[in-house]
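> Attaching a predicted model along with its sequence, questions to come.
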Amino acid sequence: MLTNLGDLLDRSKDPSKPALIDCLDWANPREYTHGEVDALSDACARGLLRRGLVRGDSVAILSANRAEFLIAYFGIMRAGLVAVPVNHKFPRDTIDFVMRDSSVKLVLCDAERRPAVAAGLPILEFGPQFDALLDRGPFETVVPRPGEIAMVLYTSGSTGRPKGVPLSHQGHLWAIESRLKTIPPGEHRLIVAAPLFHMNGLGTSKFVFAAHASMVLMPQFDAKKYVEAVGRFGVTWLTSVPTMLAMMVREKDTIAKTDLSSVRTVRMGSAPTTQKLIDDLRSLFPKATIMNAYGTTEAGPVVFGPHPDGRPRPDMALGWPLPDVKVRLVDGQGKDADEGVLVQYTPATMTGYLNLPEKSREALTPDGWYISGDVFRRDAQGAYYFIGRADDMFNCGGENIYPGEVEHMLEKHPDIAQSCVVPVPDELKGEKPFAFIVRRPGSALSEEAIKQYALANAPAYQHPRQVEFMDALPLAGPNKIDRKLLKARARELWREPEKTGG
C-alpha cells in the first residue's frame, strides 16, 4: 500500500526495468531503471536530513525538466519535507515571492536558473553539488500523518499574484490510484514535455512510477523533437496540453519521416481541446484511444473518467465523475443546473491556499468543495463538457461570449490551425471579440473570409470584429495559450470603430 507520495516503487516488480529516459542531452539521453531512481531518491532523502533539515521544512526545485528534478522531488517527500516546484518562467521578483511565501529552507536548481534565486538562500546546483548531497544507503521512508502536506504548487498567476496550494500525501496518492484503475493492459512508455512545476507533467510522472511503466522526459517542449522522440523511443502514450499537440500536428515534414505506429493512447489535459484537434490526432494515430481529461491544482488532476457501465465517451466529453468525486454545476443565481460553474470535491482537494485565508474562503464552500471558476455543461447521459473559464467570459451587447466556444467554431475551418479569442473594449457593445489566428501551412485565408465563416456558422455577436494572423500563439508557463499577453496585444491593435466606420 502506498503511503508517501515520494515512494511509489512497486517492490514486487522487477527493479531493473527501464523507468526514465532523460533527454536533457538530446544526442546522449541517459536511462535510469526503477531501482536506480529508488536508490537515488533514498540517497537524496538521507542527504537532505544530514544537512539538518527537519520534517515539515520546505525545499524548492527551480529547474527545467531533468532526471534530478524528479529524484529531488521524490527524495524531499520521502524525508518528510515539503517539495515546492517553482515555475522558472516567472519573473525574478515573483520567484522571490514564492520562495518567501513557502518559507523555503533550501533551493535545488539548475545552472541556468541559479541567478534567479535571491541572495541569502542556501542553494545546491544540479551537477557536482547535487551529487555531493546524495548519501547512498538504506532509508526508511517517512509515513505521513493524516493530512500531512507533501508539496506546495503555485497557480499560474494569470489573474494576479500566484497562490500557493498545499497538497497532501493522501490526496494525491488517491489521484494516482484512481488513474491506475483505468490503465489499459500492456507495457506503457509515456512522454512528458510539459514542465514539472505544473500539475500535468508532475502528475503524469508520478503515475509512470506507480504503474511501473517508463517515460521519456524532455527538458522542455519542442514540437519537432517531440515527434522525433515518439519514434526514436517507441512511445506508446502521449500526455500533453492540447496546445502542444496542436503544434506537433503542424510538423508535417518530421511526421512524414517518423514511425508513430507505437502510439496507443493520447491523453490531453490542463486546457480545452477542439473537435478539429481530436480529428487530426485520430488521423495521425489511427490505433490510439484519444482522451480529454480535466483537473486543477486545487482539487487534483483527476475528476472525470469512463462511464461505470462502459458507455462510449463522446469525443469532446471529459466523461463522468469518478466514484469518489462529487460535482455540481451552479448557474448565475446559485442554483443547480445543467450548465454552470463546476463546484467539486475530490479526496485531493486542498484545505485552503497558503497564507491567504480570504482567497481560501472565496475558493471553497463552507463544507470544503472547490469552486473551480470553470463553466461546464452536462448532457442527457450525464457526461460533462468544458465550455470555458467564467473569468474569460465577456459581454457583447448583452450577450455572454465564452471564448472557447468561438475558438471551437473557428477551428472547424479547414485552413485554421489554432485560434485565440479575446475581448476588446467598445463604447456601444461594451466588448467585442478579437481573434488571433494561426493559419495552416500554405493557406492564404483572409480576415474577411474568417468573418464571413463565423457569421455563417455562429450567432452574429460571436464573430470576430478584427483578426490578427500569427505564426504561433504565445504560450505561458504551463504551455497554455497566454491569454493575458494576447488581451494586451489586442488592445494595442484594435482599430476603433469610429476610425474604420465599422
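Great, that's in hand. From a predicted model like this one, the values you see are computed outputs, not experimental measurements. Numbers count the residues shown, from 1 in each chain.
> now the residue nearest to Val143 when sequence neighbours are not counted, what's its secondary structure?
Distances taken as C-beta to C-beta, 6 or more residues apart in numbering place Thr3 nearest to Val143, at 5.2 Å, with adjacent residues excluded. The C-beta positions use only the backbone N, C-alpha and C, and glycine is treated the same way. For Thr3, the assignment made with DSSP: H, G, I helix; E, B strand; the rest coil gives coil.
> what sits against Thr3?
Counting by C-beta atoms under 8 Å, 6 or more residues apart in numbering, Thr3 touches Thr141, Val143, Pro144, His169, Leu173.
> Number of residues surrounding the first one?
Burial measure for Thr141: 18 neighbouring residues, criterion other C-beta atoms under 10 Å.
> again with the third one
Pro144 has 20 neighbouring residues, counting by other C-beta under 10 Å.
> did I read that right, it in a strand?
No. Read with three-state DSSP, Pro144 is coil and lies in no strand.
> before we move on, back to that, how much space between the residue nearest to Val143 and Val165?
Separation of Thr3 from Val165 (C-beta to C-beta, to the nearest Å): 22 Å.
> Can you name the residues bridging to Met215?
Leu20, Leu190 (DSSP bridges).
> I'd say it and Leu20 touch.
Yes. Between Met215 and Leu20 a contact is recorded at 5.8 Å, counting by C-beta atoms under 8 Å.
> what about those two, which has more around it?
Met215 (26 against 23).
> what residues go with each domain of the protein?
According to automatic domain parsing, the chain comprises the domains 18-321, 394-500.
> Out of these, which one sits most buried?
Counting by mean count of other C-beta atoms under 10 Å, domain 18-321 has the highest mean neighbour count of the domains of the chain, with a mean of 19.
> sec struct for Met247, please.
Assignment for Met247 (three-state DSSP): helix.
> residue contacts, it?
By C-beta under 8 Å, 6+ apart, the neighbours of Met247 are Phe221, Ala223, Ala472.
> How about Ser360?
By C-beta under 8 Å, 6+ apart, Ser360 lies in contact with Gly352, Tyr353.
> unless I'm mixing things up, Leu485 is touching Pro474, no?
Yes. Using C-beta under 8 Å, Leu485 is in contact with Pro474, at 5.4 Å.
> Next, count neighbours for Val325.
20.
> before we move on, back to that, between Met215 and Leu20, which contacts overlap?
By C-beta under 8 Å, 6+ apart, Met215 and Leu20 have these common neighbours: Val208.
> Tell me where the model's unsure across this protein.
Filtered on pLDDT under 70, the chain yields the residue ranges 157-160, 270, 477-478, 496-502.
> residue nearest the centroid of it?
Among the residues of the chain, the one closest to the centroid is Asn200, at 3.5 Å (C-alpha atoms, centre = their mean).
> Give me the packing partners of the helix or strand encompassing that one, helices and strands only.
In the assignment (DSSP states H and E), Asn200 maps to helix 199-210. Helix 199-210 sits against strand 18-22, helix 67-78, helix 169-180, strand 189-192, strand 214-217, strand 237-240, with contacts defined as 3 or more C-beta pairs under 8 Å, 6 or more residues apart in numbering; DSSP states H and E.
> Check the offset of it from the chain's centre.
11 Å (C-alpha atoms, centre = their mean, to the nearest Å).
> Just the CA coordinates for it, please, in PDB.
Extracted in PDB, the C-alpha atoms of helix 199-210 (Å, rounded to 0.1, in the frame of the first residue of the first chain):
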ATOM      1  CA  MET A 199       0.300  19.500 -12.300                       C
ATOM      2  CA  ASN A 200       0.100  18.000 -15.800                       C
ATOM      3  CA  GLY A 201       3.800  16.900 -16.100                       C
ATOM      4  CA  LEU A 202       4.300  16.200 -12.400                       C
ATOM      5  CA  GLY A 203       1.100  14.100 -12.100                       C
ATOM      6  CA  THR A 204       2.000  12.000 -15.200                       C
ATOM      7  CA  SER A 205       5.500  11.400 -13.900                       C
ATOM      8  CA  LYS A 206       4.200  10.000 -10.600                       C
ATOM      9  CA  PHE A 207       1.700   7.800 -12.500                       C
ATOM     10  CA  VAL A 208       4.600   6.400 -14.500                       C
ATOM     11  CA  PHE A 209       6.500   5.300 -11.400                       C
ATOM     12  CA  ALA A 210       3.400   3.900  -9.600                       C
END
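> Endpoints of stretch 180-195, how far apart?
Taking C-alpha to C-alpha, to the nearest Å, stretch 180-195 runs 22 Å from one end to the other.
> Leu40 versus the closest residue to Thr349 other than its chain neighbours, what's the distance?
Among residues not flanking Thr349 along the chain, Ala299 sits closest, at 4.5 Å (C-beta to C-beta, 6+ apart). The gap separating Ala299 from Leu40 is 31 Å, by C-beta to C-beta.
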